[in-house]
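Engineer: Sharing a model that was predicted from the sequence below.
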Amino acid sequence: MDAAAPYAYIAPFFVIFAVFGLFPTLFTFYVALFDWNPIGGQTFIGLKNFTDLFSDERFWNALRNTFSIWVLSTVPQLILALFLAQLLNNVRLKFANLFRMSMLVPYITSVVATTIVFASLFGRDYGLINGALGLFGVGPIDFKADTLASHILVSTMVLWRWFGYNTLIYLAALQAIPKDVYEAAAIDGAGGFKQFIFVTIPSLRPVIIFTVVVSTIGGLQVFTEPLLLSSPGLTGGAGRQYQTLTLFLYEQGFGNFQFGYGSAIGVTLFLLIVAFSVINFLLSRRISSDD
Amino acid sequence: MTQAPISLAAPALASPPTNSPTKKRKNVFTGRVRWYTYFFLILSVIVSVFPLYWMFVVSTNDSAAVSQMPPTVIPGGNFFTLAEQVFTTVPFVMSLVNSFIVASTIAVAQMLLSTLAGFAFAKLEFRGKNALFVFVIGTMMVPTQLSVIPLYLVMSNLGWIDSLQALIVPGMASAFGIFWMRQHFAGVLNNELIQAARIDGCSTWQIYWRIAFPLVRSAAFVLGLLAFVTAWNDFLWPLIVLQSPENYTVQLAIKALQSQYFVDYGLAMSGSFLATIPLLILFIFVGRKMVAGVMDGAFKG
């Protein structure tokens, strides 16, 4: 009885993962080979979904949008997080807990609530942001209509939600750098800025890589913001100007009930993420062996 | 699992600097704090909190007050009028109850299942242990959100469409949770204690429940909190699998408010605020623990 205990303790995870994680993932590859309609039935069509997808301008559009939103949200976010972590890393800082806690407030706010509030703040006619821009004689900007402006809007929401979380991760990593390294650098005559470039950044490299990976996997799956902004439609704006890949998947799967075509989008996204993870793994291995 | 936030998978993927056996001094600056430090940190507090404040402002004013230029930025007296509309337009109470059932079941299940499996991987010997653990870690790399279509077919075959268990059961298992709890057990539970308990005739279950679990209670609690928040805020999967308004979670109820009156932000904003209040109250009590948990996860890997 006791010999079986370890297996009994880990079994729930494996059973649940097998049924609701592994099987659906493998099954996606199968469904993608069919013209699969949940009501109408299924016909095997080989790789036709994929050839259709790669010649579908809507797919390339969604891919471009996803990439653009990912860059616009990740790059400023991580730089900001690094900067704030550096500021927080001081033992004499007053109200340190208040600062840290307030940064997690966006994280506990749902993406649905976030989108609704940001849509109002960035509204064309009565939005506070356009009101503020108006004071400088700019705008009003119709954030949902213009491609770049809509990407900025979605990215701002992603950035707002995650910058504090990443700040805390960087702060923890900063505190784990041995103090001796800084002292040695100071003895060698490196000032604050040089220490940051030659000690802090290299020491944080593994954590930075890790946050880039996480933001990328998250960035490829941005969905709720564009869905609610284009509500009740699923196209991400009249010209699909902010439709992301996951929203495109949802539109095909649950808007048009093209389960096969939707799964082909899922498989493609899956392969993109795997490719990115492999590239990143190789890169980070090279970097760590360089050290 | 399906809805596990990617962020939680974080610590395992990277290999951040690990603490060496000899205790190093913490790298915290001790110099004088400059004025600009406070300036930027206070700015970041305002940026973090203002959207919630704005939510409150809009849900306490009538729509005329916020639909003018410049709009009002001060709370009005209209809170209960709008809140009442929220409760009569959609089954909002029911959706709060549904969200609570889903999020708390997932949180408790994750705490229990993750500590059990984490305990087994950290402290018990069994064949295939290492390979199985590597498999668990590997599952964190699989973006299961992309398989929603087949998952929908699975649920359809089980007859679980439009039911809460379609949200609960997939969310109960967490690879990250197992990984995280294993790290904690490895750190705090020593083998002599387990040996001694065995000699005293304790079964494996008794060792887990009486000795091991109490030692990691606090870490397990943080895990449960993060699971609760994630489940409360989840949107894509509930949107796909739930159909009748009385089964909606609170996020779907907000969306329903938004679609009905999407020109008037007041109602959706009031719903958003009401849906966020429970988490805000929770956060006031356990926010410090959550901060510690996020920072802990960051370098425990």
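Structural biologist: Structure's in. What do you need?

Engineer: Packing partners of the helix or strand that contains A:F118?
Structural biologist: A:F118 belongs to helix A:111-121 when elements are defined using DSSP states H and E. Using 3 or more CB pairs under 8 Å, 6 or more residues apart in numbering or on different chains; DSSP states H and E, the elements in contact with helix A:111-121 are helix A:147-176, helix A:224-229, helix B:35-60, helix B:250-260, helix B:265-300. Where you see a C-beta, it was placed from the backbone N, CA and C, and this is true even at glycine.

Engineer: could you point out which element follows that helix?
Structural biologist: helix A:128-135.

Engineer: is chain B contacted by that following helix?
Structural biologist: Yes. Using CB under 8 Å from any CB of the partner chain, we find that helix A:128-135 touches chain B at A:128, A:131, A:134.

Engineer: What separation do you get for the second one and A:Q77?
Structural biologist: From A:G131 across to A:Q77, the span is 25 Å (CB to CB, to the nearest Å).

Engineer: Give me the more crowded residue out of the two.
Structural biologist: A:Q77 (23 against 19; other CB atoms under 10 Å in any protein chain shown).

Engineer: how about the one helix or strand that one maps to, does it reach chain B?
Structural biologist: A:Q77 belongs to helix A:57-88 when assigned by DSSP H and E. Yes. Judged by CB under 8 Å from any CB, helix A:57-88 and chain B are in contact via A:83-84, A:87-88.

Engineer: List just the nearest of those to chain B.
Structural biologist: A:L87 (4.8 Å; CB to the nearest CB).

Engineer: ok, the closest one touching B:F40?
Structural biologist: Yes. If you go by CB atoms under 8 Å, A:L87 and B:F40 touch, sitting 5.9 Å apart.

Engineer: Mind checking which of these two has more residues around it?
Structural biologist: A:L87 (21 against 15).

Engineer: With the flanking residues excluded, which residue is spatially nearest to the more buried one?
Structural biologist: B:T37 (4.8 Å; CB to CB, 6 or more residues apart in numbering or on different chains).

Engineer: distance of that neighbour from A:L104?
Structural biologist: From B:T37 to A:L104 the distance is 19 Å (CB to CB).

Engineer: Looking at these two, which is more packed in?
Structural biologist: A:L104 (22 against 18).

Engineer: Roughly how far does that one sit from B:A275?
Structural biologist: In terms of CB to CB, A:L104 sits 18 Å off from B:A275.

Engineer: Repeat that for A:F29.
Structural biologist: Counting by CB to CB, the gap from A:F29 to B:A275 is 37 Å.

Engineer: Quick check: closest non-adjacent residue to A:G139.
Structural biologist: A:L133 (4.2 Å).

Engineer: Does that neighbour touch A:I141 like I think?
Structural biologist: Yes. Assessed by CB under 8 Å, A:L133 is found in contact with A:I141 at 6.8 Å.

Engineer: between these two, which one's more packed in?
Structural biologist: A:I141 (17 against 14).

Engineer: which residues touch the closest residue to the more buried one other than its chain neighbours?
Structural biologist: Distances taken as CB to CB, 6+ apart place A:A149 nearest to A:I141, at 5.5 Å, with adjacent residues excluded. By CB atoms under 8 Å, 6 or more residues apart in numbering or on different chains, A:A149 lies in contact with A:141-143.

Engineer: between those, which is nearest A:F99?
Structural biologist: For the contacts of A:A149, the residue nearest A:F99 by CB to CB is A:F143; the value is 29.4 Å.

Engineer: So that closest one, which state does it fall into?
Structural biologist: Secondary structure, DSSP: H, G, I helix; E, B strand; the rest coil: A:F143 is coil.

Engineer: Need phi/psi at it.
Structural biologist: phi -60, psi -30 (degrees, to the nearest 10).

Engineer: could you check the distance from it over to B:S104?
Structural biologist: 37 Å.

Engineer: cool, B:P170 as well?
Structural biologist: 16 Å.

Engineer: ditto for B:F283
Structural biologist: For B:F283 relative to B:S104 (CB to CB), the value is 16 Å.

Engineer: Mind checking which of the two has more residues around it?
Structural biologist: B:F283 (21 against 16).

Engineer: What does the pLDDT read for that one?
Structural biologist: On the pLDDT scale, B:F283 is placed at 93.

Engineer: So what's the gap between stretch B:173-183 and the chain middle?
Structural biologist: 14 Å (CA atoms, centre = their mean, to the nearest Å).

Engineer: Is there proximity between that stretch and chain A?
Structural biologist: Yes. Judged by CB under 8 Å from any CB, stretch B:173-183 comes into contact with chain A through B:173-175, B:178.

Engineer: quick one: which of these is nearest A:Q195?
Structural biologist: Nearest to A:Q195 among the residues of stretch B:173-183 next to chain A, with distances taken as CB to CB, is B:A175, at 37.6 Å.

Engineer: The closest one touches A:F17, doesn't it?
Structural biologist: Yes. Using CB under 8 Å, B:A175 is in contact with A:F17, at 7.4 Å.
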